[in-house]
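Asks: What follows is a protein structure lacking sequence information:
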């Protein structure tokens, strides 16, 4: 999803870093699924791509939920039917809670040691209560070690704390020019394309798309085209027939696969804006027109 949005912006990683509040290395991690992006990064990418952020944010929430559940889920233990597999402490103490019988058939190599211990006990007898307390202490220590190991190995992975972008506002978030200072400048490098309105759009007979883009903050408009062929041209005229024309042409395969946009024209809210498409081969000129003050407040972005 993020790769498709980046493709629609027509920006490289370095240009994304310039046009947003996130670095080039951050975008590389987000776009290659090395880490989940913050919501603000998705919103900024959607604004640059001219798409609504609702669907992308919903997918991000689902991915976060899946990752959280995967991190907290414990692996199933095989059922072997033995007390040691079911509960290490129960295995040590016995299923009934009584101390395990320590009487066992000695091996041939251990008979001499047992005889030595018997002689020692005869000389220095150990009280039965002390033996019982010693056994319980050893078993409790073993249980504590086993339980501590289980807790540590089954803890969910720690999630990195996300840094709030809003806490440290960057000057790159706002436009770098306004009105007449934006004339004949690029909407991407000036950040005027960070939150524009789409006043009108049209699919041409060749399958190419053209749009009229307008930035209320910068007070400018420009034309955008994608899905075009080599040599196709898009142009914009503001203010009627006497207005200056600014155009952009597809000159490479890379531009044909992404977006092409014109430079900006200063646009008053009541000025008519016309965008025209001229195919390179065998086609007629197609135009659309709009007025910024007639655009609905919920115009697609």
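Replies: Sure, I can see it. Please read all numbers here as calculations on a predicted model, not as lab measurements. Residues are numbered from 1 along each chain as shown.
Asks: residues touching the closest residue to residue 174 other than its chain neighbours, list them.
Replies: Of all residues not flanking residue 174 in the chain, residue 191 sits nearest, at 6.5 Å (Cβ to Cβ, 6 or more residues apart in numbering). Yep, even glycine has a C-beta here, placed from its N, CA and C like the rest. By Cβ atoms under 8 Å, 6 or more residues apart in numbering, residue 191 lies in contact with 19, 172, 173, 174, 175, 176.
Asks: Buried ones among the residues you listed?
Replies: For the contacts of residue 191, a burial check counting by 16 or more other Cβ atoms under 10 Å picks out 19, 175.
Asks: Which helix or strand contains residue 288?
Replies: strand 286-290 (DSSP states H and E).
Asks: how about the helices in the protein?
Replies: For the chain, the helices defined by DSSP state H occupy 2-9, 13-19, 24-31, 39-49, 54-72, 83-86, 88-93, 111-123, 128-153, 253-257.
Asks: Run through who's touching the last one.
Replies: This means helix 253-257. Helix 253-257 is contacted from outside by 7, 10, 228, 229, 230, 250, using Cβ under 8 Å, 6+ apart.
Asks: Tell me the buried residues within those residues.
Replies: 10, 228, 250.
Asks: Rebuild those residues as JSON lines, extending it with distance to residue 196 and pLDDT.
Replies: Converted to JSON lines, the buried ones among the contacts of helix 253-257 look like this (distance: Cβ to Cβ, whole Å; pLDDT from 0 to 100):
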{"residue": "10", "distance to residue 196": "15", "pLDDT": "88"}
{"residue": "228", "distance to residue 196": "20", "pLDDT": "90"}
{"residue": "250", "distance to residue 196": "21", "pLDDT": "94"}
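Asks: Looking at those residues, which is nearest residue 46?
Replies: Closest approach to residue 46 among those (Cβ to Cβ): residue 10, at 14.5 Å.
Asks: any idea how far residue 226 is from the closest one?
Replies: Going from residue 10 to residue 226 by Cβ to Cβ, to the nearest Å gives 8 Å.
Asks: Now the phi/psi pair for the nearest residue to residue 185 once chain neighbours are set aside, please.
Replies: Excluding the flanking residues, the one nearest residue 185 by Cβ to Cβ, 6+ apart is residue 264, at 5.6 Å. Torsion angles at residue 264 (phi, psi; degrees, to the nearest 10) stand at phi -90, psi 150.
Asks: before we move on, back to that, show the pLDDT at the residue nearest to residue 174.
Replies: In this prediction, residue 191 carries a pLDDT score of 93.
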